[in-house]
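J.: Sequence isn't available, so here's the structure alone:
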Ligand code: PT1
């Protein structure tokens, strides 16, 4: 291993990510669909097959989420969330070679999924729930801290900033300080600007444009914009027609130094990342 690699390798439980290059994180939602209740086994089986397809397409992380955090989404109970997420984490860990990220704010879900093979805690609430800092610290896993104000249910009610990029940076710096105090060192932290969380279209675009400023915090950046309303609003597209806008943002985020891209469309995004790498490695 070279010196540069030793600076960018991030241990994620039983696997390691080399953050010298951009990784694609595939989104796996395990929120129940009340219209197609095919029973527990077939849901689990369908989730595993979806994860398998994303890994075959080049995803090096799978983000498993049991709580919707879209604008206006309602909260779920910790037990309900654990019952959705734990079986799929266990199954993916057994069947696939991939880092399992768990999209959760719930301390019990952090502790239990870490035991079952999760490699990364992805918390849109930046470990602000009671007990979350201690739970995340106890797992020893890396943590993705994301910027959001309020809760998904009310975050889009008139968000306001003087300077969105500066305020997002200040928020993330403060959460890193809280993490350090709880025993989560900076080396274990990934940062996320939180596109679509408590931000207007103009906030999202400005934050995206000035994303490089967040490199001053010294940690790898994760970006999640796949199919989000910022694309819909900028291009006037419904959710099913946001792929090309999302790929443009994926390329731009990667050029701006983002190290993990959280996406639905893994194969397409992997092509974007590989194409950029091919040009980057030319003479
Ligand atoms: C994200 C993210 C996430 N996004 C991380 N985790 C979601 N680390 C869930 C819309 O405006 O960006 N980073 N987990 C999904 N959340 C949203 C938010 C989905 C906004 C859609 C919108 O359409």
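T.: Sure thing, it's come through. Values in this document were obtained by computation on a predicted structure and should not be read as measured data.
J.: Those residues of the stretch 51-200 of the chain touching the ligand, which are they?
T.: Applying the criterion CB under 6 Å from any ligand atom, the portion of the stretch 51-200 of the chain that neighbours the ligand consists of 69, 70, 71, 103, 122, 124, 144, 146, 192, 195, 196, 197. No exception for glycine: its C-beta is placed from N, CA and C like everyone else's.
J.: which one is the last one nearest to, not counting chain neighbours?
T.: Excluding its sequence neighbours, the residue lying closest to residue 197 (CB to CB, 6 or more residues apart in numbering) is residue 148, at 3.9 Å.
J.: Would you mind measuring from the one you found to residue 183?
T.: As for residue 148, its distance to residue 183 is 23 Å (criterion: CB to CB, to the nearest Å).
J.: next one: residue 140
T.: For residue 140, the distance to residue 183 equals 9 Å [CB to CB].
J.: now, which of the residues of the stretch 51-200 of the chain next to the ligand lie within strands?
T.: Among those, the members falling in strands are 103, 122, 144, 146, 192 (criterion: DSSP state E).
J.: Return the distance of residue 217 relative to the ligand.
T.: Taking CB to the nearest ligand atom, to the nearest Å as the measure, residue 217 and the ligand are separated by 15 Å.
J.: Hmm, residue 176 and that residue touching each other?
T.: Yes: applying CB atoms under 8 Å as the test, residue 217 and residue 176 come out as touching, 7.0 Å apart.
J.: Would you mind telling me which of those two has more residues around it?
T.: In this view residue 217 and residue 176 are compared by other CB atoms under 10 Å, and residue 176 has more residues nearby, 21 against 17.
J.: Double-check that that one belongs to a helix.
T.: Yes: when the secondary structure is assigned by DSSP: H, G, I helix; E, B strand; the rest coil, residue 176 falls within a helix.
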